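Chemist: Provide a 3D model corresponding to the input given below.
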Amino acid sequence: MGGADCICSDKTGTLTQNKMTLTNLWNEKQIAFPYNSSKINLNEQSLSKQYQDMFTVASAVNSDAVLRPVESGSKTEVAILQFLEKCGINYEELRQKFKPEQSIPFNSKRKRMSVIFKYNQ
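Modeler: Numbering: from 1, shown residues only. Presented below is the predicted three-dimensional model:
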């Protein structure tokens, strides 16, 4: 270590454990969530019911990740699904209710992926 110029630490486990956790959401302002909380109440976060519904459905449907029987998918998508479960939302039920009509996979030219589904609440 005598020649080290920079020492980095990984407090959250993103690098050492390959895990991510959703801790903030942006809705005209930043909303921070308790990092280690096992339950989150979105109603206490000043989010309108319409925004909550749209966010939870889009988060569940716009992903191929799963939590069961074993976690698989991108670590970002897994973190979002885990956040939904902390909020008491069953992402699997939302996927059954809102089936994608079209999926456009990620590509480097578009720099995004897309899922199109009907949402009539």
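
Chemist: which residues touch the most centrally placed residue in the chain?
Modeler: In the chain, the C-alpha nearest the mean C-alpha coordinate belongs to residue 80, at 1.7 Å (CA atoms, centre = their mean). Contacts here follow CB atoms under 8 Å, 6 or more residues apart in numbering; on that basis residue 80 touches 22, 59, 63, 65. Backbone N, C-alpha and C define where each C-beta goes, glycine included.

Chemist: mind showing which ranges of this protein have poor pLDDT?
Modeler: With pLDDT under 70 as the threshold, the chain has low-confidence stretches at 1-3, 7-16, 121.

Chemist: the residue nearest to the centre of the chain: what secondary structure?
Modeler: What DSSP: H, G, I helix; E, B strand; the rest coil gives for residue 80 is helix.

Chemist: next one: it from residue 62, what distance?
Modeler: When CB to CB, to the nearest Å is the yardstick, residue 80 and residue 62 sit 9 Å from each other.

Chemist: got a list of contacts for the helix or strand containing residue 51?
Modeler: For residue 51, the host element (DSSP states H and E) is helix 49-61. The contact list for helix 49-61 (CB under 8 Å, 6+ apart) reads 25, 27, 42-43, 47, 80-81, 83-84, 87, 89, 91, 94-95, 98, 100, 115, 117, 119, 121.
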